[in-house]
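**Student:** could you work out the structure for the sequence below:
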Amino acid sequence: MPTRRLHLVSADEDHRVSTIELFFDLVFVYAITQTTQLMADHLSPIGVGQGLAMLAVLWWCWCSYAWLGTTIHVDHGIARLAMFGAMAVMFLVSLTIPEAFVDFSGGLYAPVLFVVCYALVRLLHLVAYLGAAKHDPALKRVLLKMFVGLLPSVVLLGISTALSGPWQLGLWVVALLADYLNVYLSGPEGWRLNSPAHFAERFGLIVIIALGESIVAIGIGIGSLPMSWLVVGAAVCGLALAAGMWWTYFDVVARVSEHRLTQATGTERTKLATDSYTFLHLPLIAGIVLVALGLKKSFLYIADTEHHTPGEALHGVPIWALTGGLALYLVALSALRKRNLGSWNVQRLAAGILLLAATPLLEHVPAAVLLLVVAGLVLGLIGFERLRFAEWRRQVHTEHS
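**Tutor:** Numbers count the residues shown, from 1 in each chain. Modelled structure (predicted):
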């Protein structure tokens with residue numbers, strides 16, 4: 001039997017997530033941790049902006065290979081080697097994240113190394129995709145359009161390595177807009193999405209990875225500091241918050257999104273995949289990462305009794321990361337409902353707005369109480385939705401199980 005080198009996924013096969021894709025995602029586990037630490041080390045609006053811009057770069061890399069994995073069998077032949085090569089270069093990208101904006105003295109100049117490795121990751125993706133599209137002119141055309149946006153983006157990122165501060169961040173934003181807008185404006189024509197279940201599963205797994213970062217942030221925030229009853233209680237609240245965020249996505253949103261994607265066909269399906277997954281899942285992931293940053297700093301305040309008092313409040317960038325990140329997450333979930341079902345989730349929008357409005361007041365309560373309030377808000381929202389929409393929720397579970 002001949003080796004399948006770049007075997008396309010056909011429309012009638014049950015294509016699921018492969019182990020090499022899960023292995024590939026391990027690099028992004030580390031990359032997200034590095035991004036959270038980047039913001040933690042630079043607790044300022046600029047620092048958070050750098051972290052979010054970094055997340056947008058990482059997201060574009062990950063999405064590129066998620067689309068590739070739903071178009072060809074990446075666990076066969078030369079495609080497997082391409083995945084390992086991309087994984088190696090992506091790992092170098094992750095290693096250089098702490099120095100992507102400001103180089104540490106000694107060694108290689110990390111900002112340039114970061115841009116070069118990022119460009120290689122994207123080019124490897126394009127080469128593998130073009131190899132799969134050699135008998136598909138429509139797919140080949142849309143891939144070449146993608147390259148048109150990638151080239152100026154990489155050039156702008158390269159120029160940014162000579163700048164610093166707001167100017168550097170501003171050039172990153174322009175570079176990302178050039179790339180993102182090029183793909184969005186190119187439209188869904190030409191893309192292939194024969195396995196919607198595989199595609200939805202990939203994005204569900206990356207949400208799990210991001211939520212895992214929020215749990216890791218709790219442990220890092222405590223570090224080697226001594227345990228206390230206050231830390232135990234706060235840890236339970238932090239885990240309850242992460243569990244609540246899991247529930248608000250996977251209980252209904254993920255099911256409905258996958259069902260809508262499966263029911264759609266042709267260009268409508270690729271348009272839905274682009275909107276609901278490629279673009280709307282980015283603010284979802286960004287919200288989770290910001291919450292992880294807030295949790296990390298909250299537990300430092302709670303556990304480090306040598307430098308902080310038990311009743312000390314979280315303030316400034318850390319508290320706005322926590323509340324703003326959760327609000328962004330809730331808004332993104334509501335936007336997913338709007339895209340898939342045509343109506344906003346009003347209670348989740350209201351909860352996000354309420355949280356932002358209450359943040360100035362929450363800056364005056366102890367960090368442990370803050371965690372209790374935020375976790376209580378999410379769990380209360382879940383309880384309300386279970387009672388208010390019980391029949392509809394049962395219907396969704398029955399139809400989409």
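**Student:** for the residue nearest to Thr33 when sequence neighbours are not counted, helix, strand, or coil?
**Tutor:** Beyond its immediate neighbours in the sequence, the residue positioned closest to Thr33 (Cβ to Cβ, 6 or more residues apart in numbering) is Glu213, lying 6.1 Å away. Any C-beta I mention is one placed from the backbone N, CA and C, and that applies to glycine too. The three-state label for Glu213, taken from DSSP: H, G, I helix; E, B strand; the rest coil, comes out as helix.
**Student:** show the contacting residues for Glu213.
**Tutor:** With Cβ atoms under 8 Å, 6 or more residues apart in numbering as the criterion, the residues that contact Glu213 are Val29, Ile32, Thr33, Thr36, Ile288, Val289, Ala292.
**Student:** inside helices: which ones of those residues?
**Tutor:** Using DSSP state H, Val29, Ile32, Thr33, Thr36, Ile288, Val289, Ala292 are the members of these that sit in helices.
**Student:** for Val396, see how far away the residue lying closest to the second one once chain neighbours are set aside is.
**Tutor:** For Ile32, ignoring the flanking residues on the chain, the nearest one in space by Cβ to Cβ, 6+ apart is Glu213 at 5.0 Å. As for Glu213, its distance to Val396 is 28 Å (criterion: Cβ to Cβ, to the nearest Å).
**Student:** still on that earlier bit, quickly note the distance from the residue nearest to Thr33 to Gln37.
**Tutor:** Shown here: Glu213 relative to Gln37, a distance of 10 Å by Cβ to Cβ.
**Student:** equivalent analysis for Lys271, please.
**Tutor:** Here the criterion is Cβ to Cβ. By it, Lys271 lies 36 Å from Gln37.
**Student:** buried stuff in the helix or strand containing Val174?
**Tutor:** Using DSSP states H and E, the element containing Val174 is helix 165-186. Buried positions in helix 165-186, judged by neighbour count with 16 or more other Cβ atoms under 10 Å: 168-169, 171-172, 174-176, 178-180, 182-183, 186.
**Student:** just checking, what packs against it?
**Tutor:** In terms of contact count using 3 or more Cβ pairs under 8 Å, 6 or more residues apart in numbering; DSSP states H and E, helix 165-186 is assigned the packing partners helix 45-69, helix 137-160.
**Student:** TSV for these, including distance to Tyr118, mean neighbour count and mean pLDDT?
**Tutor:** Compiled in TSV, the helices and strands packed on helix 165-186 are given as follows (distance: least, Cβ to Cβ, whole Å; neighbours: other Cβ atoms under 10 Å; pLDDT from 0 to 100):
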stretch	distance to Tyr118	mean neighbour count	mean pLDDT
helix 45-69	6	21	94
helix 137-160	7	17	90
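**Student:** in JSON lines: these, plus distance to Thr323.
**Tutor:** JSON lines is the format used below for the helices and strands packed on helix 165-186 (distance: least, Cβ to Cβ, whole Å):
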{"stretch": "helix 45-69", "distance to Thr323": "13"}
{"stretch": "helix 137-160", "distance to Thr323": "30"}
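**Student:** so for Glu306, which of those sits nearest?
**Tutor:** In terms of Cβ to Cβ, the element of the helices and strands packed on helix 165-186 nearest to Glu306 is helix 45-69, at 24.6 Å.
**Student:** tell me how far the closest one is from the chain's mean position?
**Tutor:** The gap between where helix 45-69 is centred and where its chain is centred comes out at 7 Å by Cα atoms, centre = their mean, to the nearest Å.
**Student:** helices or strands up against it?
**Tutor:** For helix 45-69, the packing partners by 3+ Cβ pairs under 8 Å, 6+ apart come out as helix 19-41, helix 77-95, helix 110-132, helix 165-186, helix 196-222, helix 281-303, helix 317-341.
**Student:** out of those, which is the most enclosed?
**Tutor:** Ranked by mean neighbour count, these are led by helix 281-303 with a mean of 25 (mean count of other Cβ atoms under 10 Å).
**Student:** just the CA coordinates for that one, please, in CSV.
**Tutor:** Backbone C-alpha positions of helix 281-303 (Å, rounded to 0.1, in the frame of the first residue of the first chain) are rendered in CSV as follows:
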residue,chain,number,x,y,z
HIS,A,281,-12.9,32.1,20.2
LEU,A,282,-9.9,34.5,20.4
PRO,A,283,-11.6,36.9,22.9
LEU,A,284,-12.9,33.8,24.7
ILE,A,285,-9.3,32.5,25.2
ALA,A,286,-8.1,36.1,25.9
GLY,A,287,-10.6,36.4,28.7
ILE,A,288,-9.5,33.1,30.3
VAL,A,289,-5.8,34.1,30.1
LEU,A,290,-6.6,37.5,31.8
VAL,A,291,-8.6,35.7,34.5
ALA,A,292,-5.5,33.4,35.1
LEU,A,293,-3.4,36.5,35.5
GLY,A,294,-5.8,37.9,38.1
LEU,A,295,-5.9,34.6,39.9
LYS,A,296,-2.1,34.4,40.0
LYS,A,297,-1.8,37.8,41.6
SER,A,298,-4.8,37.2,44.0
PHE,A,299,-3.2,34.1,45.5
LEU,A,300,0.1,35.9,45.9
TYR,A,301,-1.7,38.5,48.0
ILE,A,302,-3.6,35.9,50.0
ALA,A,303,-0.7,33.5,50.6
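**Student:** so how far is it off the chain centroid?
**Tutor:** Centroid separation between helix 281-303 and its chain, computed with Cα atoms, centre = their mean, is 13 Å.
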